[in-house]
Structures are given as C-alpha cells and as structure tokens.
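Engineer: Have a look at this prediction, sequence included:
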Amino acid sequence: MRSARAVASLLSCALIAAAAPASGQDYPRRPIRVVTAEPGGGNDFSARVIVQAIGGGLGQPMIVDNRGGAGGVIAADIVAKAPPDGHTLLLYANNVWIIPLLHRNAPFDAVRDFAPITWAAKSSNTLVVHPSLPVKSVQELIAYAKGRPGELNYGSGGNGSSTHLAVELFKSMTGVNIVRVTFKGNGPALNAMLGGEVHVMITTAGSVTPHLKSGRLRALAVTSPEPSPLAPGLPTIAASGLPGYESIQIYGVFAPVKVPAAIVKRLNEEIVRVLGRTEVQEKFIANGMEPVGSTPQLLAATMKSEIVRIGKVIKEAGIRGD
C-alpha cells in the first residue's frame, strides 16, 4: 500500500503536468496555423508579412492557411471551433464582428468565441467624387446632396463591405439621401465611377491615387479619425464638419476563446515586436496599410465599441447579408 507521502507526490506531479499547457512553457508544440482570407488583399498580405517576420521566433514554424469564402465566415468558423491551445489563429479584418450583425444564423460570435491577441494593422479609405460634381469639400457635398435628395448615387461592393458601411455611416450622420448602386466588388464600382455612372464612393487610398493625379476623380477627405500618411494633404471627414465620423479597416489577430493567458501574452509580445520593425512597417505602408500592434485589451475594447456603433448603422439602414 502506498504511503501518504507517495500519493501526495503523485498528485503534485499530476497537477504540475496539467498546469503545463496553461503556463505556456511548452508552447508551441507543433506548427502554428494562421487562418485568413483567400490569397491577395489586406488579410492575406498582413498574415504573410507577420508570419515571415516571426520566422522561427516562437520555436515552431508559422503557416498561412487561406480559407476564403462567404466573406470571412469559413475562416472565422474554423478558428472558433479549433482547440484553444494557441496552434490555430485567425487574422481577419472587421468582418469578424460584422458578419454576426448581418447574418442572424452566423455560426460564431466574435465576442463569445474569440480571444483577441493584437490589433495588427489598419487602413483608411478616401471619400472621392466624380469631377462632374461641383463640390470640393465635405460640406459642399453635404449641401449639394441635401439640395438634390435621391439624385446622387454611390457605388460599393457587397452588403456589409467597408465601402458600403462607410457611406451608410456618412448618410446616417448627415441625413443625406444618396442612392446605393451595388457591384460585385470595389473594382467594378470604381470603373463605373471613372465612367461617370457613379457620383460618390468611399474606397481605398491606393486604388484611387492614380486617378486623382490624372484628374479623373476628386478626393475630399479620408475616413480615419486622424490624417493618414496614405493620403497626404487630405483632411479627415471628422475635421471637415462631421465630428465623430470614423470608418477604418481593422486587421486583428485572434485565437479561440479560453486559450491560456500565458499563450496570449507570448503571441502578443512576438507579433507586436515584429510589427515595430522598420522593414515590416515599410512593407505595410507600401501596401496602403498602417501597422499597429496593441494590447489584447485594446483590440477587445475596439471590437465591442465597433459592434455597437456599426450595429446601429446596420439596423437603421436595414442591411442584411448577401
């Protein structure tokens, strides 16, 4: 019969072994999978830059797993259902918390199912008009649109896209009636605008820069709360007579909920470290994005705030998923 001391020793060893994963001391034990959108675009770009920059810094390789489709539902659902051991991560933009606002039967909930790791990057959009419109400022556009309710239109991609919600937020805050024209993506919408079929659009700075220089489009402001280095010289919409306006693309890194705090801490420190490197920052800027790097708490707070703010716009406009 075992002595009490032997039994206590065995129990102690068992407790230590059980606590090891939670401590993060043996993490990672295998390659880390970073699930993101289809190749191309801001999600895939961000994931690849971060993975390449970290290299073997965590002791195991990191692998980008492209799971595009359904506007982010597939990628997010994979990570939401993965074991909370830090070996499966999600890098995705605002879609993560917007999808459940658009789809009543979304298979995941951003707050309930994910543990924020860090805010990885952000990008602002630019408010542009066709040069046939006699407006050169945000205030002039508002006044012009109010004098012609329903006569102006704007182009955007699918329901819930950043270009869609950015204009709906603008409409909600100003009370203007600008009619939406839906396209299969931002590219076709921009082409229609260049052809004079669309009057107003909010889209990425990188996509409109060549057309601003040629005079085929006119930029009025950026959608970020501060002036953007991606669109030098342009004021913000908020500073142009619409205080509080903000619409940016937020790229975050998430793990399944209940991942041990020690693993969240280690991932956060490593990702934030590489985002602070000059060569990494230069890659983001060259791609029309700004690297961030934040605490998990800031990403969590931002996500919850955006759910309330954008959720109100979605509800008021009656927007549902495609």
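Structural biologist: On my side now, so go ahead.
Engineer: If we go by neighbour counts, what in stretch 286-293 is buried?
Structural biologist: Going by neighbour count (16 or more other CB atoms under 10 Å), the buried part of stretch 286-293 is 288-293. C-beta coordinates here come from the backbone N, C-alpha and C atoms, glycine included.
Engineer: in the stretch 1-150 of the chain, which ranges drop under the pLDDT threshold?
Structural biologist: The stretch 1-150 of the chain contains residues with pLDDT under 70 at 1-24.
Engineer: how is this protein carved up into domains?
Structural biologist: As assigned by automatic domain parsing, the chain contains the domains 27-123+249-317, 124-240.
Engineer: ok, Ala53 to Ser294 distance?
Structural biologist: Per CB to CB, to the nearest Å, Ala53 is found 17 Å from Ser294.
Engineer: quick one, phi psi at Gly252?
Structural biologist: Note on Gly252: its backbone torsions stand at phi -120, psi 160 [degrees, to the nearest 10].
Engineer: Which residue comes closest to Thr174 once chain neighbours are left out?
Structural biologist: Nearest residue to Thr174, sequence neighbours excluded (CB to CB, 6 or more residues apart in numbering): Ile142, at 5.1 Å.
Engineer: Can you give the distance of stretch 83-96 from its chain's centre?
Structural biologist: Distance of stretch 83-96 from the chain centroid (CA atoms, centre = their mean, to the nearest Å) equals 13 Å.
Engineer: Kindly format the C-alpha coordinates of it as CSV.
Structural biologist: Taking C-alpha atoms only, stretch 83-96 is exported to CSV below (Å, rounded to 0.1, in the frame of the first residue of the first chain):
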residue,chain,number,x,y,z
PRO,A,83,-8.9,23.6,-29.8
PRO,A,84,-7.9,26.6,-27.6
ASP,A,85,-4.2,25.7,-27.5
GLY,A,86,-2.7,28.6,-29.5
HIS,A,87,-1.9,26.4,-32.5
THR,A,88,-4.7,27.8,-34.7
LEU,A,89,-5.0,31.6,-35.0
LEU,A,90,-7.2,33.9,-37.1
LEU,A,91,-6.1,37.1,-38.9
TYR,A,92,-9.0,38.9,-40.3
ALA,A,93,-10.5,42.4,-40.7
ASN,A,94,-13.7,43.9,-39.3
ASN,A,95,-15.7,41.1,-41.0
VAL,A,96,-15.1,39.0,-37.8
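Engineer: for it, which positions count as buried?
Structural biologist: In stretch 83-96, counting by 16+ other CB under 10 Å, buried: 85-96.
Engineer: Likewise for stretch 72-80?
Structural biologist: Quick answer for stretch 72-80 (16+ other CB under 10 Å): 72-73, 75-80.
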